[in-house]
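A.B. asks: Mind looking at a prediction? Sequence and model below.
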Amino acid sequence: MLTDASARGLGALFSLAVPPACLICGRPSAQGHRDLCGPCLVRTGTLEPVIEAGPGGVSSVVVAGTYEGISGEIVKTLKFRRHLAAAGVAASLLERAITLASPGFLRERPTVVPVPPDPLRWFIRGFDPTEEIAIALAERMSLPYSRLLVRRQGPRQTGRGRADRLARPPVVALAEPEATLPNRFLLVDDVLTTGATLTASAAPLLRGGASRVDAVCLARAGNRG
Ligand SMILES: [Zn+2]
């Protein structure tokens, strides 16, 4: 049986023997980087984030990249391969996107709030990828963080067509309806499809007294319906 100290020692030896691998492609990580290899780092550096008017209730949304590109690969690494370190990579891309697309935005010090998960998905996965990204983003950018929103049993968004999603948005509410809300919010979501989830998430914040809600998303899903 290993003591803690000897287990740590073995762990250190192991990490010396096996160089860290890129979360996306598995090649050895770049010098000085733990999570990405050189070519994948280059790909993150060529992303061109955009800022646009948000869907209903959301003033603006910054989108870091597309689902077909490295942004989507990071989402899939986190969601389906359950590499939690990918949340940190995602947060660094979101920080870069906000800084490039909306540099004045952070003066307002918005409270970072993750779009709440589908309860069934959360139960099956045991973690919420969007929450992991939002926590990492708030830490990186020294912004206040709050998990203020909950999803009520309503229609699931994944796997539904665009028209159906827009017609039957998810039902989102404040986790603590009586709480006094901050003024400005930054909603975080991993994938932007129709914007129905962002609109549903902004609504209880605005009803609760927030003056402005913006959003940031890692990847836009092009024609996934
Ligand atoms: Zn790579």
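C.D. replies: Sure thing, it's come through.

A.B. asks: Could you use CA atoms for every contact and neighbour count after this?
C.D. replies: Will do.

A.B. asks: Name the residues of the helix ranked longest in the chain that come out as buried.
C.D. replies: Ordering each helix of the chain by length in residues (DSSP state H) puts helix 85-101 first. Neighbour-count burial for helix 85-101 flags 85-98, 100-101 (criterion: 16 or more other Cα atoms under 10 Å).

A.B. asks: got the CA positions of whatever helix or strand comes next after it in CSV?
C.D. replies: For helix 85-101, the following helix or strand on the C-terminal side (DSSP states H and E) is strand 111-114. Extracted in CSV, the C-alpha atoms of strand 111-114 (Å, rounded to 0.1, in the frame of the first residue of the first chain):
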residue,chain,number,x,y,z
THR,A,111,-21.4,38.9,-12.7
VAL,A,112,-20.7,35.7,-14.7
VAL,A,113,-23.6,33.3,-14.7
PRO,A,114,-23.7,29.9,-16.5
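
A.B. asks: pLDDT averaged over strand 111-114 - what is it?
C.D. replies: Taken as a whole, strand 111-114 carries a mean pLDDT of 98.

A.B. asks: just the helices in the protein please.
C.D. replies: Going by DSSP H, the chain shows helices at 4-17, 38-45, 70-79, 85-101, 119-125, 129-141, 162-167, 196-207.

A.B. asks: elements contacting the second one?
C.D. replies: Just to be clear, that refers to helix 38-45. Judged by 3 or more Cα pairs under 8 Å, 6 or more residues apart in numbering; DSSP states H and E, the packing partners of helix 38-45 are helix 70-79.

A.B. asks: I'd like to know how far the nearest residue to residue 208 once chain neighbours are set aside sits from the ion.
C.D. replies: Among residues not flanking residue 208 along the chain, residue 181 sits closest, at 6.7 Å (Cα to Cα, 6 or more residues apart in numbering). Applying Cα to the ion, to the nearest Å, the value for residue 181 to the ion is 41 Å.

A.B. asks: what does the model give residue 181 for pLDDT?
C.D. replies: pLDDT, residue 181: 92.

A.B. asks: next one: residue 159
C.D. replies: 67.

A.B. asks: Likewise for residue 82?
C.D. replies: 89.

A.B. asks: What about it, how many residues nearby?
C.D. replies: 15 (other Cα atoms under 10 Å).

A.B. asks: Any regions of this structure where pLDDT drops low?
C.D. replies: Residues of the chain meeting the criterion pLDDT under 70: 1-18, 153-160, 165-167, 223-225.

A.B. asks: near the ion, which residues of the chain?
C.D. replies: Neighbours of the ion within the chain, by Cα under 5 Å from the ion: 22, 24, 25, 37, 40.
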